[in-house]
Each structure stands twice: as structure tokens, then as C-alpha cells.
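[1] test case, fold it:
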Amino acid sequence: MTDKFHFVIDEVISHLQALRAQLSESELEAFIEEVRNAKKVFVCGAGRSGYVARCFAQRLMQIGYEAFFVGDTTTPAAARGDLLVAVTGSGETPSVITMLRLAKDIGMRSAVITTRERSSAASLANLKLKVPGKTKMLEKVTHAPFTSLFDIAALTVLDGVTAELMARKGVTDQDIQRTHANLE
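    Residues are numbered from 1 along each chain as shown. Model (predicted):
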């Protein structure tokens, strides 16, 4: 195994250790309340950020929310009172910006998970949750490939949000087990 492998692991661990202090408690609380108050939650993202968004939609469904990934064939129509959660490190992903504009036209609320507070996506959303990391804008040199630091941090933050929602709803891992896919 080369040193590069170990450098990446150490860099990811270091990034996650610093993450908590870099998050805004008020942004987190506002995001959690948006999810709690939404009739339905739609999530979107492209590439690896899209996979992170899918993970969040899955967890929301498992803890009792109506949650959908935008673009799936079984995604229903969205309406006023629903929430769009967009995951985009750069905040400049064209498909995500399009979804945020459509959400605004429908009258939905929207939240963006991004590294860039002054991005096109952040300017379109009702609220933002800044999650630090390297994006496709290549802000810094890292050992971890391309957008890995943002993607791993966003997944970690959204898992933390899920755990907080579970605590507030009184949902347990046993409840998730009952809603977990059984056609695997």
C-alpha cells in the first residue's frame, strides 16, 4: 500500500474532526425545522452529491417522512408546503439550479447543502447549510480525490440531522428495521 492511501484516510478523519466546529448551529436548527414542517421532502443532487442526497431521502423515508429523490420514476408531483433539499458542493451544478428554480415557481421551500455560501444555488434557496469541503471548483489541493471531502462531510452531517430527527420523533433503530427494504 502506498503512502497516498494512508494520507487520504488521515485527511478524511482530520476533516471530519474539524467539521463540528465549522457548522452553524442556527443553520442546522433551521434546516431540521424545515424538514419537520414539510409535507413531503424532495432531494436532489448530481454525481456523488446525488448519491448523498439519495441516502438522505432513504433515511427520511425510514423514519417516517414522505421523501423522494427528484427524477426517480416513482417521484410524485411536488406542491406548496413541500421542501426541496439540494446537495451541491459548488452550488453551481446546472441541474440543481434548475430544480431550485422550479421549486420556487411551484411555491415550495428549499434548502441547499453547499460549501459555497455565495453560489447560485444558495442565492435561490430559502436557507442554506454550509458544509465545508473541496468541490469541483478545486479550492485547494487535497490527497482525497476531487469532491470526496465535501461528499463525506455532507453525508456525515445529513446522518447527524437524521439522528436528531429520530430523537425528536422518538424513532429507534428498531423502527428503521421495520421500514428497511426486505426485497434485497
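[2] return the helix or strand in the chain with minimum mean pLDDT.
    Ranked by mean pLDDT, DSSP states H and E, the weakest helix or strand in the chain is helix 3-22, scoring a mean of 84.
[3] for that helix, which helices and strands make contact with it?
    Contacts defined by 3 or more CB pairs under 8 Å, 6 or more residues apart in numbering; DSSP states H and E place helix 3-22 against helix 148-169. Glycine gets a C-beta too; all of them are placed from N, C-alpha and C.
[4] would you mind writing the CA trace of the helix it packs on as CSV?
    Taking C-alpha atoms only, helix 148-169 is exported to CSV below (Å, rounded to 0.1, in the frame of the first residue of the first chain):
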residue,chain,number,x,y,z
SER,A,148,-14.6,13.5,-1.6
LEU,A,149,-14.2,15.8,1.4
PHE,A,150,-17.5,17.6,0.7
ASP,A,151,-19.4,14.4,-0.1
ILE,A,152,-18.2,12.6,3.0
ALA,A,153,-18.8,15.7,5.2
ALA,A,154,-22.3,16.2,3.7
LEU,A,155,-23.2,12.5,4.3
THR,A,156,-22.0,12.8,7.9
VAL,A,157,-24.0,16.0,8.5
LEU,A,158,-27.1,14.6,7.0
ASP,A,159,-26.7,11.4,9.1
GLY,A,160,-26.4,13.7,12.1
VAL,A,161,-29.6,15.5,11.1
THR,A,162,-31.3,12.2,10.7
ALA,A,163,-30.3,11.1,14.2
GLU,A,164,-31.6,14.4,15.6
LEU,A,165,-34.9,14.0,13.8
MET,A,166,-35.1,10.4,15.1
ALA,A,167,-34.6,11.7,18.7
ARG,A,168,-37.2,14.4,18.3
LYS,A,169,-39.7,11.9,16.9
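[5] after it comes which helix or strand?
    helix 173-179 (DSSP states H and E).
[6] residues in contact with that following helix?
    Met61, Gln62, Ile63, Gly64 (CB atoms under 8 Å, 6 or more residues apart in numbering).
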